[in-house]
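Enquirer: below are the sequence and a predicted model for it; my questions follow.
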Amino acid sequence: MAGARAGGASLIVLGYHRIAAPGFAGGDDGSSEPCDPGLFSACVDRFDEQLRCLKRQTQIVRLEEAIELAGGRISLRRGSRVLLTFDDGYRDNFDLAFPVLRAHGVPAVFLIPTAYAGTAHAPWWDRVAHLLATARRRLLNLVKHGQPAIDPPVLLAHLTEAAESTAPPSQRRRFLDWDEARQMQRAGMSIGSHTHTHPLLSQLTESQQREELATSRHLIATELRQPPLAVAFPTGARDSFTAVTRRLARDIGYRAAFSFHGGVNRRGRTDAFDPRRVGVDPQSGERCALRLAMARATG
Ligand SMILES: [Zn+2]
């Protein structure tokens, strides 16, 4: 591309999931809700710091500009641009992330599984994490309370009991609802699709994939009176989608599709239907790690 410095990064897409209440340090979130603690990318105060840091060092762009950059239709003379994305549409995206983004005056993209919008649905990963945590606590108690020898069948019985006695998921709403999505949209945020029911697309037939991608797009277009520009493939690992998935996403009308395998998007080597995303977790959220990632990206 004319004017492009060979090898430089043009677009860094940061991938967030959930934002935790202040003080979260990466372990259990302290609530009694069944949830996967590994889904928390940062606590809200750390997220605030990250935005401060990013604003000082780079420019955070809207989805439309990121698509132009990823498609190679515009290029930068130097430096990079950052796009912020959130997967899964948990309620904390609205309650905790959105106010911080608004206070900083920066945009982000929220990619939501449309079947879960406004519901208390406990997705399988939250339930599995909760089961494992419950079973682990029971196992620890067994060991701590000094039984001289744990008979394997007894241990198994205890673990089974722990798993089966898990409290049913609460009815508290877990995912952001359409009214909240509209408020975010009015404030300059983009709402995209994360399919309808969050399946591993590569495991589905072509027509099932089409259904997932099209239903979600249609629902968002209806609820927000604007079709979504982007979709994020669930899990986003290299084997979670195929060439067929990417073609379908394009045919259905999406202009970008996000995977979740790491890396930055270098000039002239970027694909709007598979731009690299850098996952943010409590460790990478450390200010210096972010700075390092930026330095690496801008080379
Ligand atoms: Zn997801």
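Expert: Arrived safely.

Enquirer: end-to-end on stretch 188-201?
Expert: Start-to-end span of stretch 188-201 (CA to CA, to the nearest Å) is 29 Å.

Enquirer: kindly apply the preceding question to stretch 216-234 instead.
Expert: So stretch 216-234: terminal residues 13 Å apart, CA to CA.

Enquirer: likewise for stretch 63-79?
Expert: Stretch 63-79 end-to-end distance (CA to CA) = 18 Å.

Enquirer: what about Leu11, how many residues nearby?
Expert: Burial of Leu11 is recorded as 25 neighbouring residues (other CB atoms under 10 Å). Backbone N, C-alpha and C define where each C-beta goes, glycine included.

Enquirer: who does it bridge with?
Expert: Beta-bridge pairing of Leu11 under DSSP bridges involves Arg81, Asn265.

Enquirer: surely Gly253 touches Arg217?
Expert: Yes - here Gly253 lies in contact with Arg217, judged by CB atoms under 8 Å, at a distance of 6.5 Å.

Enquirer: list the contacts for whichever residue of the stretch 151-299 of the chain sits closest to the ion?
Expert: Residue of the stretch 151-299 of the chain nearest the ion, by CB to the ion: Pro234 (4.9 Å). Each residue near Pro234 by CB atoms under 8 Å, 6 or more residues apart in numbering is listed here: Pro113, His194, Thr195, His198, Pro199, Leu200, Leu201, Ser240.

Enquirer: remind me what whichever strand or helix holds Asp45 packs against, helices and strands.
Expert: Taking DSSP states H and E as the criterion, Asp45 maps to helix 44-57. Helix 44-57 sits against strand 18-20, helix 98-104, helix 287-298, with contacts defined as 3 or more CB pairs under 8 Å, 6 or more residues apart in numbering; DSSP states H and E.

Enquirer: repeat that for 10 Å
Expert: Helices and strands touching helix 44-57, by 3 or more CB pairs under 10 Å, 6 or more residues apart in numbering; DSSP states H and E, are strand 9-16, strand 18-20, strand 40-43, strand 81-87, helix 98-104, helix 287-298.

Enquirer: residues shared between the contacts of Gly253 and Arg217?
Expert: Residues touching both Gly253 and Arg217 (CB atoms under 10 Å, 6 or more residues apart in numbering) are Pro227, Pro228, Leu229, Val231.

Enquirer: returning to what we had before: tell me if the residue of the stretch 151-299 of the chain closest to the ion really is in a helix.
Expert: No - under DSSP: H, G, I helix; E, B strand; the rest coil, Pro234 falls outside any helix and is assigned coil.

Enquirer: show the pLDDT at it.
Expert: You'll see Pro234 listed with a pLDDT of 95.

Enquirer: repeat for Pro152
Expert: Here, the pLDDT recorded for Pro152 equals 62.

Enquirer: Thr298 now?
Expert: 55.

Enquirer: same check on Gln171?
Expert: 78.

Enquirer: cool, and His261?
Expert: 82.

Enquirer: all further residue positions should be reported with the first residue as 31.
Expert: Got it, first residue is 31 now, which makes that one His291.

Enquirer: now do the contacts for it.
Expert: Thr265, Gly266, Ala267, Arg268, Asp269, Ser270, Asp304, Arg306, Arg307, Val308, Gly309.

Enquirer: so how many other residues sit close to the nearest residue to the last one once chain neighbours are set aside?
Expert: By that I understand Gly309. Closest residue to Gly309 apart from its sequence neighbours, by CB to CB, 6 or more residues apart in numbering: Gly45 at 4.8 Å. Using other CB under 10 Å, Gly45 is surrounded by 23 other residues.

Enquirer: and Gly45, how far is that from Asp281?
Expert: As judged by CB to CB, to the nearest Å, Gly45 and Asp281 stand 25 Å apart.

Enquirer: any idea how far Ile104 lies from Phe116?
Expert: 24 Å.

Enquirer: more crowded one of those two?
Expert: Using other CB under 10 Å, the more surrounded residue of Ile104 and Phe116 is Phe116, with 30 against 13.

Enquirer: run the chain-centre distance for the strand or helix carrying Leu141.
Expert: For Leu141, the element it lies in under DSSP H and E is strand 139-142. Between the centre of strand 139-142 and the centre of its chain there are 8 Å (CA atoms, centre = their mean, to the nearest Å).

Enquirer: show me what that strand is packed against.
Expert: Judged by 3+ CB pairs under 10 Å, 6+ apart, strand 139-142 is in contact with strand 39-46, strand 111-117, helix 208-216, strand 220-223, helix 236-254, strand 260-262, strand 286-288.

Enquirer: show me how the record splits the chain into domains.
Expert: Listed by automatic domain parsing, the domain ranges of the chain are 39-151+205-328, 153-198.
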